[in-house]
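S.K.: got a predicted model here, sequence first, then my questions.
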Amino acid sequence: MDYKRILTIQDISCFGQCSLTVALPILSACGVETVILPSAVLSTHTGGFTGFTFRDLSDDIPKIQAHWQKEGIDFDAIYTGYLGSEKQIDMVTDIFNTLSRPNCIKIVDPAMADNGKLYYGFDQAYADAMTRLCKHADIVLPNITEACFMTGLEYKEKYDEEYVNTVLSALEANGMTNIVLTGVSYDNETTGVVIKIGDKTDYYIHKKLPVGSHGTGDIFASAFSGALLRGKSEYDSARVAANYTLRCIENSQGDESHRYGAKFETAIPYLIEELNQ
Ligand code: PXL
């Protein structure tokens, strides 16, 4: 098996099953050497908790980058998630330019918003900085809310295919050619992922569960990145990642005390089976 090396840059939310505590195990399970660069350390994620700690690691990032450059450490892929500040977003652009192997795939999940709202602590200036980073990515993985904050389009809860095409065109006008738009749902029973690679657009549709969990965007993005590095197409990577995410949510249903995250560990054997198909 081809053995690839990925760098993932996002925070460590010590408790809460999101960002690096999800990305590292999932990417490792995909059979990919996973290098981490923590952007911040929080006691919990910011969704549904109050009073969490937040240690910004911005000062360490350029030093870690410089050491890796000195050691000749570089990557087949770089995947970014939640970043702590605008300053860090600019640092990541520099990391793209200095630590990439030839043909390095740069995947940006602009993890900053959901359900029409930015996450705690973020504003439009942050969203604008994320839009700048997305221009440097080979593939971006926004949900509809994030796409709206990056394009200035109105967020809608109910929409049709025409609206989704407008969102895709607006992202493209902002320099994003390969887009995996998540959480695209036209009715109450189904949801799915729109995969637009260059001029080709596909829709992978699957059932919608009544309740979601926090961190599912990170589960999807990690499984997508892992599948892509295992040689799957963008469409197949999105299909594998969507099915796996659905399984994780299913395995967490009925446990009201676990709404802070999804029990993603329980479905790792299923993910590995899907990758080996
Ligand atoms: O899952 C996205 C995410 C990652 N990291 C932190 C978050 C969130 C979403 O709220 O708060 C710290």
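M.R.: Great, that's in hand. Numbers count the residues shown, from 1 in each chain.
S.K.: give me every residue in this protein lying close to the ligand.
M.R.: Proximity of the chain to the ligand, by CB under 6 Å from any ligand atom, involves residues 11, 13, 18-19, 42, 45-47, 82, 111, 119, 215, 217-218. In short, each C-beta sits where N, CA and C put it, glycine included.
S.K.: so which of these sits lowest on pLDDT?
M.R.: Among those, residue 47 carries the weakest pLDDT, at 90.
S.K.: ok, now which ones touch that residue?
M.R.: Counting by CB atoms under 8 Å, 6 or more residues apart in numbering, residue 47 makes contact with 16, 119, 120, 214, 260.
S.K.: can I have the buried ones of these as a PyMOL selection?
M.R.: With 16 or more other CB atoms under 10 Å as the criterion, this PyMOL line picks the buried residues out of these:
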select buried, resi 16+214+260
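S.K.: could the contacts of residue 47 be laid out in CSV, adding secondary structure?
M.R.: Formatted as CSV, the contacts of residue 47 follow (DSSP: H, G, I helix; E, B strand; the rest coil):
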residue, secondary structure
16, coil
119, coil
120, coil
214, coil
260, coil
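S.K.: out of the residues of the chain next to the ligand, who has the most neighbours?
M.R.: When neighbours are counted by other CB atoms under 10 Å, residue 18 leads the residues of the chain next to the ligand with 31 neighbours.
S.K.: which SS state does it fall under?
M.R.: Assignment for residue 18 (three-state DSSP): coil.
S.K.: next up, the contacts around the residue lying closest to it once chain neighbours are set aside.
M.R.: Spatial nearest neighbour of residue 18, chain neighbours left out: residue 215 (3.5 Å); criterion: CB to CB, 6 or more residues apart in numbering. Residues in contact with residue 215 (CB under 8 Å, 6+ apart) are 16, 17, 18, 19, 22, 45, 260, 261, 262, 264.
S.K.: turn those residues into TSV, including distance to residue 2.
M.R.: Formatted as TSV, these follow (distance: CB to CB, whole Å):
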residue	distance to residue 2
16	33
17	29
18	29
19	26
22	24
45	33
260	36
261	31
262	29
264	25
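S.K.: good, we can wrap up now.
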